[in-house]
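Participant: one predicted model, sequence on top.
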Amino acid sequence: MKHILIGILLLLAAMSVHAQTVTYAYDAAGNRTARVVTLAQNLATPQVAAKSPTALSDVVAEKKIIIYPNPTKGIVKVEITGYTDDTKASFRLMNMSGQTINARTADSSSQSFDLSNQAAGIYLLQITINGESVVWKIIKE
C-alpha cells in the first residue's frame, strides 16, 4: 500500500512539473466517460496558438483542437485543424452542475461559444470528434 501511495505522489509531482493535469470520469459500471485536460497558462507556450497568448491545444482523433482565450470574458473560440466534411464533431458546453448550456454539431472548422450572459465561474466544454471525446475546463471571468 505504501508503494502505491508513493507512486501516486510521484506521478502527481511529475504532472505538476509539466503543468498539465489529466483527470478521468467513470460511470457506475467503471467505464471511462470523460477525460479532462487542464494546462497551466504560463507553461503552455509550445502549445499556444498565434491568435491568443491564452490558448490551449490538444490532438483528438488526429485533429488538432485550439481553444482560446481561456480564461475568457465572454466569447470562446474553438478551431479544428484538419477538419473536413467527413469529420463528425460535436460540442457540449456545461456548467459545473452538469446542465447543458449549449450543444451543437460542427459545420465548419471554427466554432464560437458566447458565455457573456453566464455567471463567472468554471464551465466544461466537451468535444467529440469521430467518437473520441475530451473535456476542457473553461474559465469565465
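Facilitator: Nice, thanks for sending it over. Residues are numbered from 1 along each chain as shown.

Participant: can you show me the strands along the chain?
Facilitator: For the chain, the strands defined by DSSP state E cover 20-26, 32-39, 56-60, 63-68, 75-81, 89-95, 100-105, 110-114, 121-129, 132-140.

Participant: which secondary structure elements does the last one contact?
Facilitator: Going back to what we said before, that points to strand 132-140. strand 32-39, strand 56-60, strand 63-68, strand 121-129 (3 or more CB pairs under 8 Å, 6 or more residues apart in numbering; DSSP states H and E). For the C-beta atoms, the positions are set from N, CA and C on the backbone; glycine is no exception.

Participant: please apply the same query to the fourth one.
Facilitator: When contacts are defined as 3+ CB pairs under 8 Å, 6+ apart, strand 63-68 packs onto strand 56-60, strand 75-81, strand 121-129, strand 132-140.

Participant: adjacent strands (with direction) for it?
Facilitator: Using DSSP bridges, strand 63-68 pairs in its sheet with strand 56-60 (antiparallel), strand 75-81 (antiparallel).
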